[in-house]
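> With the input below, show me the fold.
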Amino acid sequence: LLSQGGAKHSNGDVENAKVNITSANGDADGDVKSNHDHDEHATLWHDILDTFHLSLPIFVSRVSFVGMTTTDTALLGHVSGQSLSAAALSDLWRSCTAVLIRGRVLGIVVGQAIGAKNEGLAFIYLKISCLILGALSIIVIFSWTFTEQIWVYLGQSATIAKDAQYYSSVFIAS
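Numbering: from 1, shown residues only. Predicted structure coming up:
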């Protein structure tokens, strides 16, 4: 149906004409609903589920690490205050220096290259990242071997700093 909602001009055109279409894909106001809207909704849910499936293992590993360190801290607190202090100093030094070897940007640039269907560039990014992170890992591990000297220099007692060195040395092998 063509309903004339406005006035006619001298040339016979209808101003503000409104087409009312009623069909299986539309409503009485003429808004046609396509399968495209349904596809976008399905794609959105698919993307949300994919993100959840990717983030769940990351979440579990992070929560597990926090649980593990909390348990270690609780057990060390029962051994002695010195052991707890040494572990805390070791964790602090390792956390401050390990920032250099996280390599978080690799996932971003490789993901962009893969998304652009440029696997060659992604491989180049991977090689560059391995080279840079390898060099930085040597520096970070080297700094962990001097945990005792660094904490003594910063004013900690020599006995606690020596135990912190032991804890850091254990993490060098891992």
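> Longest helix in the protein, please.
If you go by DSSP state H, the chain has its longest helix at helix 35-79.
> How far off centre is that one?
10 Å (C-alpha atoms, centre = their mean, to the nearest Å).
> counting contacts, what elements does the helix or strand just after it pack onto?
The element immediately downstream of helix 35-79 (helix or strand, assigned by DSSP states H and E) is helix 81-98. When contacts are defined as 3 or more C-beta pairs under 8 Å, 6 or more residues apart in numbering; DSSP states H and E, helix 81-98 sits against helix 35-79, helix 119-144, helix 147-153, helix 158-173. Every residue, glycine included, has its C-beta placed from N, CA and C.
> How about helix 81-98, which residues are buried there?
83-87, 89-91, 93-94, 97 (16 or more other C-beta atoms under 10 Å).
> Same check on stretch 153-161?
Neighbour count says stretch 153-161 has 156, 160-161 buried, by 16+ other C-beta under 10 Å.
> same question, stretch 115-134
Neighbour-count burial for stretch 115-134 [16+ other C-beta under 10 Å]: 122, 125, 129, 133.
> give the contact list for the third one.
When you say that, I think you mean residue 129. Going by C-beta atoms under 8 Å, 6 or more residues apart in numbering, residue 129 touches 103, 105-106.
> Nice, that's everything, thank you.
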